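# let me see the structure of the following:
(chains A and B)
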Amino acid sequence: MIYFWIKRHYRKVFGAACGLAVVAGCGQGSWNNPYPAAARGQNILYSSFEERPKHLDPARAYSSAEYAFIGQIYEPLLQYRYLQRPYELAPLGAAVMPQVHYYDARGREVPSTTSATRIASGVYEIKIRPGMRYQPHPALARDTAGAYVYHRLDAAQIAAVQTLNDFPQTGTRAVTAQDYAYEMRRLAHPLIQSPILSVMVDNIVGMKEYAAELQAVAEAQRKRGEKVQIDLRAYTLKGVATPDEHTLRITLKGKYPQLLYWLAMPFFAPIPWEADVFYAQPGLNEKNINFDWWPLGSGPYMLSENNPNRQMILSRNPNFHGATYPSAGAPGDAEAGLLADAGKPLPFIDQAIYALEKESIPYWNKFLQGYYDTSGISSESFDQAVSMSGQGELGLTDKMQRQGIHLVTTVASSTSYMGFNMRDPVVGGDGERARKLRRAIAIAVDYEEFIAIFRNGRGISAHGAVPPGIFGYREGRAGVNPYVYDWMDGKAKRKPIEDARKLLIEAGYANGIDQSTGQPLTLYFDVTGEGPDDLARLAWFRKQFEKLDLQLVYRNTSYNRFQEKMRKGNAQIFMWGWNADYPDPENFFFLLYGPNGKVEHDGENAANYNNRQFDALFDQMKNMDNGPERQALIDRMNDVLRVDGPWLWGFHPQEFALSHSWYYNVKPNLMAHNTLQYKRIDAAARDRLRDAWNPPVIWPLGVAAMLLVIMVIPAAVVYRRRQRQAPRGVGDRRE
Amino acid sequence: MLTYIVRRVLYAIPILIGVNLLTFTLFFVVNTPDDMARMHLGGKRVTPEMVQRWKAERGYDKPLIFNVQAAGVEKLTDTIFYKNSVRLFAFQFGSSDDGRDIVQDIKQRMLPSLAIAVPAFVFGLMVNISFALLLAFFRATYVDTVGTVLCVAMMSISGLFYIIAGQFLLSKLLRLVPISGYDTGWEALKFILLPIAIGVVSGIGSGARWYRTLFLEEMGKDYVRTARAKGLSEYLVLFRHVLKNGMIPILTGAVVVIPLLFMGALITESFFGIPGLGSYTIDAINSQDFAIVRAMVFLGSLLYILGLVMTDISYTLVDPRIRLQ
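Numbers count the residues shown, from 1 in each chain, chains lettered A, B, ... in the order given. Next up, the predicted model:
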């Protein structure tokens, strides 16, 4: 049918095809370019996101996917220096680093070196940077009389808008200390449900009472059948004060030096009260015009388009107070060209477009075609990107090098471990039998092999909870776990399996037989994996246990059920991980702190490890300043943990990132969230290379068309022959 | 016909209640409200109080289907099922579990889904009918044999393979279209060409084989023999008689699908980064967002019922012998 139609209208068909081709390729160097022609030569960064961020409200957001956006928009009090290593805090919203004053129970000021147990309260006096202004936003728009334009919207005005950008007027104002205090109040708002409220309740004076008061107000409003609406300024938060417009005073219950790290997170960014008033108006939330969708910050960028189904766009904030590229970095930064832009005004990039890209294959190919400026490396594309040299070093493949792609690697501030449920009667407890069993398993499970097979070498085996780059981590011999490794020829070598077998005999499980019952010892590994990759991984674990003749049974379940098992303490052996909130050993050791036990306290101590000695050391260590004394305590804590072995320490993942030759100032900073402003792009070079890499190949279409014609000819012959075979005199009749 | 339509609409109500109940049961067999709360609140520092508050705000703190503690009719109405289901019948889908307005989301995602689904459906139908006619026309020749074998082979290949192969061939090797993405207006054209082409090609195997069977069945009927005996050319027999009569089952089969085009294609949208309703549903399932899952299943059922009604009506239009009562 189509054939005959095309035959009749072939001129139109040809014209339409040409038209389509022109539309597809018009004005662009390449037909497969996913971006509009107008974007050519623009100073735009192209990146992607896999999952839409759940929250953009800084009081709620807590994941790296969310921080990728709000980190560029909000300005917390502190930030991490972009190039410095080890990580170092610096002022951001604060004019200078906070001044801390400690007081004892009698209210007398004591020096910071005073033991944490003698400190009753700590006061952080923070001067706010002058000259900071909010991005243009309708919540801040005022008329000539100074009244807010959009704080009392009527039904017609609400009906007229579909997105925040539909409001014709915007306004701005200066950031004040009250805005920082306001955001701290928001952490206690019953509807916001900030994930760090419990931490702040434990540390900020009056936060507990404030949260309880707000909760009571919300309950009362609910009971009256009203919508929960609370003016946070009407209630007193004792521990947070603003003596003047540029001074913020936070009072803590004791010594808590980790507060400085929290101050570098968006939880402590300034929020104007006007935003909450604006977004609370009925009818806006139904149009996704709310704080979780449209942030309001003072940072270098603002969210100019939020369509997480397709793309999210950050644009330069015209009211940004300005910053300059750092002129000092870590050793080697100058040689790597990372100081070439020293002193230049930030940000460099005008716009960052993040496209939704759920599948790894299109994402990877678009990076290779030059349509994304930077990329991670998935397992599927690892072999294409990275090769191992004769010396066992990982580097880029020749193809990547020919494209001028750069590789940067860094060990993540995270840990992935295999834990034992310490409440389990077989593998748990602090008895010698169970301890030896755990240690034998720790020797048998060869994490170096695991990293080589399942992580493509991207990781380092762990000897303790603290990863590299965090205070307390020890390099070399001093950092080796002597119960699992020997130090040989200048490096850690896993103990031979015979040692593990001896331990197993001592534990009463010779050849994997429980001597008390005469039955084979069966252990249970609670997992959530279901795919083919997971099956290979699980088979590998089973093989490791078989080295000791131990039977490992998987209890595969959904992640929900797995979490429930963990909460109830029904798991035996499990795998889990932790990503640092901030670069402090407290943020890792608290995962093994008794009062954080998962079963009893619903905390993050998934192994339910409970050792009084360790807990006492942790209590001492957690509030100390970094120094030799703290390091000594950490060493002792590590010793306790290594003896008990509640975890197989697993590995610290290594992150590989690729970037194109036109993308500058790339240095992984796992703590900083506001890194986009430092990145620079040579858009002209990018266009040139994209064109060179993506010329359309048309000739196969011609070949395919010719093949089609060749195939049609015999069919046409058959048709004609059939027609000729028709009875004479009837073939030419018409109905 | 009006009576018939009214009756079908009334029949639809218990069906929709049943589907809703089934969705509800299946969803909550796998996920408890606690699981949903923890999924939405994130993996870190989630306290039991936060979980409880999350549930209370969204009404998930009530019993699932039967409230023992309530009195009278509230035993049934003061439950998660009732509170969440009744509004659906007034097309009030409410907010997703993370607070976004579902109707707003559906409005936004509807067009991209239709931009792929409608052309793929129309072109697919045309190509399949043409190819099936070709095979029927050349029945019992090498064209028919090769075509049929090709159809079987194409039916046997996974849809995912077509997507990956299409992206590899047309976007990576030949560099003719973007490998994934979406835009608005005319810019969308370059993004939808490949998914439409893949949608059409992947459907040829099953579609053409089915239609070929229909046409061959028609070709064996008396009226075709009569037409040939009258001396009509094979071309005219095929296009004027066989196609016309063969179109009745094709049309009715196609009409039932039309409303469902709105729901989008799950895998295609995900692979091509099309922000449609298919990927919306998949995302909701992955993130355990019951509000969206419930709304999309309800909408899907409703559209399916609509499709069936439209099919019945289309019967009366293409076959004058049929009357709806």
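
# enumerate the residues of the stretch 201-325 of chain B near chain A.
Of all the residues in the stretch 201-325 of chain B, those in contact range of chain A (Cβ under 8 Å from any Cβ of the partner chain) are B:227, B:230-234, B:236, B:239-240, B:243, B:270-273, B:275, B:279-280, B:283, B:288. Any C-beta I mention is one placed from the backbone N, CA and C, and that applies to glycine too.

# could you rerun that using 10 Å?
Taking Cβ under 10 Å from any Cβ of the partner chain as the criterion, the neighbours of chain A within the stretch 201-325 of chain B are B:227-241, B:243, B:267, B:269-277, B:279-280, B:282-283, B:286-288.

# let me know how buried residue 224 is, in neighbour terms.
In the absence of a named chain, chain A is used. Counted with other Cβ atoms under 10 Å in any protein chain shown, residues neighbouring A:Arg224 total 7.

# hmm, no, I was thinking of chain B.
B:Val224 has 17 neighbours, counted by other Cβ under 10 Å.

# where does chain B dip in pLDDT?
Under the criterion of pLDDT under 70, the regions of chain B flagged as low confidence span B:43, B:324-325.

# centroid residue for it?
Note on chain B: the residue nearest the mean C-alpha position is B:Leu260, at 3.9 Å, using Cα atoms, centre = their mean.

# in its sheet, which strands sit next to the lengthiest strand in chain A, and in what direction?
Taking DSSP state E as the assignment, the strand of chain A that covers the most residues is strand A:647-659. Applying DSSP bridges to the sheet, strand A:647-659 is found paired with strand A:374-376 (antiparallel), strand A:406-411 (antiparallel), strand A:414-420 (antiparallel), strand A:459-461 (antiparallel).

# identify, out of those strands, the most deeply packed stretch.
Neighbour counts averaged per stretch over these are highest for strand A:414-420, at a mean of 22; criterion: mean count of other Cβ atoms under 10 Å in any protein chain shown.

# hang on, the earlier thing: can you pull out the residues in contact with the following helix or strand past the longest strand of chain A?
Along the chain past strand A:647-659, the next helix or strand (assigned with DSSP states H and E) turns out to be strand A:663-664. The set of residues external to strand A:663-664 that reach it, using Cβ atoms under 10 Å, 6 or more residues apart in numbering or on different chains, is A:45, A:337-338, A:340-341, A:348-349, A:372-374, A:405-406, A:678-682, A:685-686.

# redo that, cut-off 7 Å
Identification of contacts with strand A:663-664 by Cβ atoms under 7 Å, 6 or more residues apart in numbering or on different chains yields A:Asp373, A:Thr374, A:Lys679, A:Arg680, A:Ile681.

# what does stretch A:295-307 give?
Applying Cβ under 7 Å, 6+ apart, the external contacts of stretch A:295-307 come out as A:56, A:69-70, A:72-75, A:132-135, A:137, A:139, A:175, A:269-270, A:272, A:275, A:293-294, A:311-317, A:320, A:346-347, A:352, A:674, A:676-677.

# if we use 6 Å, what do you get?
Defining contact as Cβ atoms under 6 Å, 6 or more residues apart in numbering or on different chains, one finds that stretch A:295-307 is touched by A:56, A:70, A:72-75, A:132, A:134-135, A:137, A:175, A:275, A:293, A:312-315, A:317, A:320, A:347, A:677.

# which non-adjacent residue is nearest the residue nearest to the centre of chain B?
When the adjacent residues along the chain are set aside, B:Leu260 lies closest to B:Leu303, with 5.5 Å between them (Cβ to Cβ, 6 or more residues apart in numbering or on different chains).

# host element of the one you found?
Counting by DSSP H and E, the element that carries B:Leu303 is helix B:290-318.

# just checking, the residue nearest to B:Leu260 touches B:Pro259?
Yes: checked against Cβ atoms under 6 Å, the pair B:Leu303 and B:Pro259 is within contact range at 3.8 Å.

# quick revisit: in ChimeraX, select just the buried ones from the residues of the stretch 201-325 of chain B next to chain A.
Provided next is the ChimeraX selection string for whichever of those are buried by 16 or more other Cβ atoms under 10 Å in any protein chain shown:
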select /B:227,228,231,232,233,234,236,237,238,241,243,269,270,271,272,273,274,275,276,277,279,280,282,283,287,288
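
# among the residues of the stretch 201-325 of chain B next to chain A, name the ones in helices.
Among those, DSSP state H puts B:227-229, B:234-236, B:243, B:267, B:269-272, B:277, B:279-280, B:282-283, B:286 in helices.

# what does the longest strand of chain A contact?
Here strand A:647-659 has contacts from A:374-377, A:405-412, A:415-419, A:442, A:445, A:447, A:451, A:458-463, A:467, A:666, using Cβ under 6 Å, 6+ apart.

# next: stretch B:196-208.
In this structure, residues lying in contact with stretch B:196-208 by Cβ under 6 Å, 6+ apart are B:119-120, B:123-124, B:127-128, B:131-132, B:151, B:154-155, B:159, B:162-163, B:166.

# what's the answer for stretch A:483-499, then?
Contacts made with stretch A:483-499 from outside it, assessed by Cβ under 6 Å, 6+ apart, are listed as A:Arg439, A:Ala442, A:Ile443, A:Arg477, A:Val480, A:Lys547, A:Arg642.

# buried stuff in it?
Buried residues in stretch A:483-499, defined by neighbour count with 16+ other Cβ under 10 Å: A:Tyr483, A:Val484, A:Tyr485, A:Ala492, A:Arg494, A:Lys495, A:Asp499.

# could I get the buried residue list for the helix or strand that contains B:Ser202?
Per DSSP H and E, B:Ser202 falls inside helix B:189-219. Within helix B:189-219, the residues scored as buried using 16+ other Cβ under 10 Å are B:190-205, B:207-212, B:214-216, B:218-219.

# most neighbours out of the contacts of stretch B:196-208, which is it?
Counting neighbours by other Cβ under 10 Å, the top entry in the contacts of stretch B:196-208 is B:Ala132, with 27 neighbours.

# quick check: it is in a helix.
Yes: if the criterion is DSSP: H, G, I helix; E, B strand; the rest coil, then B:Ala132 is within a helix.

# so it versus chain A, what's the distance?
10 Å (Cβ to the nearest Cβ, to the nearest Å).

# residues in contact with the nearest residue to that residue once chain neighbours are set aside?
With Cβ to Cβ, 6+ apart as the criterion, B:Ala132 has its nearest non-adjacent residue at 3.4 Å, and that residue is B:Tyr211. When the contact criterion is Cβ under 6 Å, 6+ apart, the partners of B:Tyr211 are B:Asn128, B:Ile129, B:Ala132.

# not counting sequence-adjacent ones, nearest residue to A:Leu633?
The shortest distance from A:Leu633 to any non-neighbouring residue, by Cβ to Cβ, 6+ apart, is to A:Met621 (4.4 Å).

# list the backbone torsions phi and psi for that neighbour.
Its backbone dihedrals place A:Met621 at phi -70, psi -40, with angles given as degrees, to the nearest 10.

# same check, this time on A:Met265
The phi and psi torsions at A:Met265 (degrees, to the nearest 10) take the values phi -110, psi 160.

# got the residues of the stretch 1-150 of chain B near chain A?
With the criterion set to Cβ under 6 Å from any Cβ of the partner chain, the stretch 1-150 of chain B comes near chain A through B:35, B:42, B:45, B:47-48, B:50, B:98, B:100-101, B:104, B:130, B:133, B:141, B:143.
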